[in-house]
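S.K.: The following block contains a protein sequence and its predicted model.
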Amino acid sequence: MSDASQTRSSAIKPAALWRGADKAILVTLAALAVLAFFDLNALGPVIASGFGSLAHTAPFILFAIFSVAYLKATGAEGLVAKAFTGPPVRMIIFAAIVGGVAPFCSCEVIPFVSALLALGAPLGAVMALWLASPLMDPAQFAITGSALGFDFAIAKTVAAISVGIGGGLVTQLLSGTAVFSDPLKIAPVKSCCSKSSGPSGFDQKPQWKFWGEADRTATFRETTLTNGAFLFKWLLIAYIFEAMMTRYVPAEFVAGFLGGEGVQPVILGAILGGPAYLNGYAAVPLVAGLVDRGMSQGAALSFMMAGGVSCIPAAIAVYALVKRKVFAAYLGLAFVGSVSAGLVWQAIA
């Protein structure tokens, strides 16, 4: 009896296997299996196209990986604290700039925001950081520039900072209203990331020549390996989907739905951005494929802006700390800012 029970307990359970499996790899294999079942002749060309696109982007990916690892190892996150000193308007502007260029993932912002809100930092500056942070970072800039052109990457960076500033100013102006009064939930939560600088990093100065310190060198190595695995696997699945989309989705359909120069495709791009968004890196090849099929430049930008803010990690980072009315305002500001950025880029591009 004991042997049988031990056999049952040692057997691999499907639920445990699913939780421990890499979801990006599983989705990639599942997509290729479905493709092979319905169109076996297309399997080879799609795989070749996916890996070819990945190889083309590899220099930009490597640059992004090493630049982010360097900023992490030097402790540059400590510069965020400087965004929250001085007049509110200056705080908002600087917080949006930091959020738009710093290498923070959505959940890494949680410890900073949690401490800042608890200490009474202006909600407008915190909102600016929240809105801008998931939209752009050095890795996203390099990958976006390689796939969609560096003019688009610059436009997205400017849009991210502008949305942060606009949302922060609106929040600051309405800070005395019922929507933004008493914004915090009862208990702040910890970061969903395995490691983060946290509030303790506020007083730290960057150590630009980090390689003489073992802890910082270990951070550089760990960040390089972790981000490298993350970027390559997610970009591979994105390029696989891009190859499949290019092969099977008619260009006329995309152009008719998301093309043109009017307001409608920009608004549709923002609406579709949330549910269709994977992450800031995997979305780039998909949007590039849609642009090649006729998606307008304005719709592409609004799609990436709205999707970046409302995707699950970014949304959870906000919802975990603030009450529903503030969370709703966060989504509303992001949507309006995304559409506005898309319309401006549509006119320029």
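M.R.: Now that the structure is in, tell me what you want to look at.
S.K.: Now do the helix or strand residue 139 falls within, average pLDDT.
M.R.: Using DSSP states H and E, residue 139 sits within helix 138-148. Along helix 138-148, the predicted confidence averages to a pLDDT of 87.
S.K.: helices or strands up against it?
M.R.: Counting contacts by 3 or more Cβ pairs under 8 Å, 6 or more residues apart in numbering; DSSP states H and E, helix 138-148 is packed against helix 43-74, helix 150-173, helix 214-248, helix 283-292. Backbone N, C-alpha and C define where each C-beta goes, glycine included.
S.K.: how about CSV for those, with mean neighbour count added?
M.R.: Written out in CSV, the entries for the helices and strands packed on helix 138-148 read as follows (neighbours: other Cβ atoms under 10 Å):
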stretch, mean neighbour count
helix 43-74, 18
helix 150-173, 21
helix 214-248, 18
helix 283-292, 24
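S.K.: quick one, which of the ones you listed is nearest to residue 348?
M.R.: Closest approach to residue 348 among the helices and strands packed on helix 138-148 is made by helix 150-173 (7.4 Å; Cβ to Cβ).
S.K.: Would you mind extracting the C-alpha trace of that closest one into CSV?
M.R.: In CSV, the C-alpha atoms belonging to helix 150-173 read as follows (Å, rounded to 0.1, in the frame of the first residue of the first chain):
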residue,chain,number,x,y,z
PHE,A,150,14.1,54.5,-35.1
ASP,A,151,11.8,57.4,-36.0
PHE,A,152,8.9,55.3,-34.7
ALA,A,153,11.0,54.3,-31.6
ILE,A,154,11.7,58.0,-30.9
ALA,A,155,8.0,58.9,-31.4
LYS,A,156,7.0,56.2,-29.0
THR,A,157,9.5,57.4,-26.4
VAL,A,158,8.3,61.0,-26.8
ALA,A,159,4.7,59.8,-26.6
ALA,A,160,5.4,57.8,-23.4
ILE,A,161,6.9,60.8,-21.7
SER,A,162,4.1,63.0,-22.9
VAL,A,163,1.4,60.6,-21.8
GLY,A,164,3.1,60.5,-18.4
ILE,A,165,3.3,64.2,-18.1
GLY,A,166,-0.3,64.8,-19.3
GLY,A,167,-1.7,62.1,-17.0
GLY,A,168,0.3,63.4,-14.1
LEU,A,169,-0.8,67.0,-14.6
VAL,A,170,-4.5,66.0,-14.8
THR,A,171,-4.1,63.9,-11.7
GLN,A,172,-2.5,66.7,-9.9
LEU,A,173,-5.2,69.2,-10.9
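S.K.: circling back to that earlier point, now distance to residue 98 too, for the helices and strands packed on helix 138-148, in TSV please.
M.R.: Converted to TSV, the helices and strands packed on helix 138-148 look like this (distance: least, Cβ to Cβ, whole Å):
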stretch	distance to residue 98
helix 43-74	12
helix 150-173	9
helix 214-248	19
helix 283-292	22
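S.K.: The residue nearest the centre of the chain: what's its closest spatial neighbour, skipping adjacent residues?
M.R.: By Cα atoms, centre = their mean, the chain has its centre lying nearest to residue 280, at 3.8 Å. In space, not counting the residues next to it along the chain, residue 280 is nearest to residue 140; the distance is 4.8 Å by Cβ to Cβ, 6 or more residues apart in numbering.
S.K.: which ones are touching the one you found?
M.R.: By Cβ atoms under 8 Å, 6 or more residues apart in numbering, residue 140 lies in contact with 64, 156, 280, 281, 284.
S.K.: And the contacts of stretch 288-300?
M.R.: Surrounding stretch 288-300, the residues in contact under the criterion Cβ under 8 Å, 6+ apart are 147-148, 152, 241-242, 245-246, 249-256, 258-261, 265-266, 268-269, 287, 303, 342-343, 345-347, 349.
S.K.: buried subset of those residues?
M.R.: In the contacts of stretch 288-300, burial by neighbour count holds for 147-148, 152, 241-242, 245-246, 254-255, 258-260, 265-266, 268-269, 287, 303, 342-343, 345-346, counting by 16 or more other Cβ atoms under 10 Å.
S.K.: pretty sure residue 231 contacts residue 139?
M.R.: Yes. Counting by Cβ atoms under 8 Å, residue 231 sits close enough to residue 139 to count as a contact (6.8 Å).
S.K.: okay, and the common contacts of the two?
M.R.: Between them, residue 231 and residue 139 share the contacting residues 61, 64, 65, 281, judged by Cβ under 8 Å, 6+ apart.
S.K.: So residue 141 versus residue 154, what's the distance?
M.R.: Distance from residue 141 to residue 154, counting by Cβ to Cβ, to the nearest Å: 8 Å.
S.K.: Repeat that for residue 301.
M.R.: Distance, residue 301 to residue 154, by Cβ to Cβ: 11 Å.
S.K.: Show me where the stretch 51-200 of the chain dips below the pLDDT cut-off.
M.R.: Low-confidence regions of the stretch 51-200 of the chain, defined by pLDDT under 70, span residues 76-84, 103-120, 185-200.
S.K.: switch to 90 and redo it
M.R.: For the stretch 51-200 of the chain, residues meeting the criterion pLDDT under 90 lie at 52-91, 94-95, 97-123, 125-127, 129-131, 133-140, 142-143, 146-147, 175-200.
S.K.: State the mean pLDDT of stretch 327-334.
M.R.: Model confidence over stretch 327-334, given as mean pLDDT, is 91.
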